[in-house]
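Novice: with the input below, show me the fold.
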Amino acid sequence: MCNASESKTKVVDALLPMGQPVDVGQQVDVVGEERMGMTAVLLAYVLPLILMLIVLIVAKNLGYGDAQGGLAALGVLVPYYAVLYIFRSQIGKKIIFTIELKNQ
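Specialist: Sure, this is the predicted structure:
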């Protein structure tokens, strides 16, 4: 998982190539499939946005004010991200990075 996007050094869990040794400090390419990126965007941004909009619309239709509807829309993110956290190992099995050795 990547941390601190401003940093030059990143920590990423990646699978090593079969039968190819990788040395510490060796430059490699970390590769992921486009499908994995789309899944990550869907889980991290699209689904929460849709969920928030649904809760906001329902709250407004039930007669709640803007503040209460907004708080409810934000509040629904807590259980959403809690569920993602609970299922992180299953999600991690679908989002896999591999290492490709750079030709030198």
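Novice: only C-alpha atoms from now on, for both contacts and neighbour counts.
Specialist: Will do.
Novice: where does the residue lying farthest from the centre of the chain sit: helix, strand or coil?
Specialist: The centre of the chain is farthest from one residue, residue 63, which by Cα atoms, centre = their mean lies 34.1 Å away. What DSSP: H, G, I helix; E, B strand; the rest coil gives for residue 63 is coil.
Novice: quick one, strands of the protein?
Specialist: 14-15, 28-31, 97-101 (DSSP state E).
Novice: any idea which of those strands gets closest to residue 71?
Specialist: Each of those has some distance to residue 71 by Cα to Cα; the shortest is strand 97-101, at 36.7 Å.
Novice: that closest one pairs with which strands?
Specialist: In the sheet, strand 97-101 lines up against strand 14-15 (parallel), strand 28-31 (antiparallel) (DSSP bridges).
Novice: ok, the residue nearest in space to the middle of the chain - contacts?
Specialist: Most central in the chain under Cα atoms, centre = their mean is residue 40, positioned 4.3 Å from the mean C-alpha point. Applying Cα atoms under 8 Å, 6 or more residues apart in numbering to residue 40 gives no contacts.
Novice: do you know how far it is from residue 50?
Specialist: Distance, residue 40 to residue 50, by Cα to Cα, to the nearest Å: 15 Å.
Novice: could you do residue 58 as well?
Specialist: With Cα to Cα as the criterion, residue 58 and residue 50 are 12 Å apart.
Novice: the two - which one has more neighbours?
Specialist: Between residue 58 and residue 50, residue 58 has the larger neighbour count (other Cα atoms under 10 Å), namely 15 against 11.
Novice: quick check: that one vs residue 68, distance?
Specialist: 11 Å.
Novice: same check on residue 89?
Specialist: For residue 89 relative to residue 68 (Cα to Cα), the value is 34 Å.
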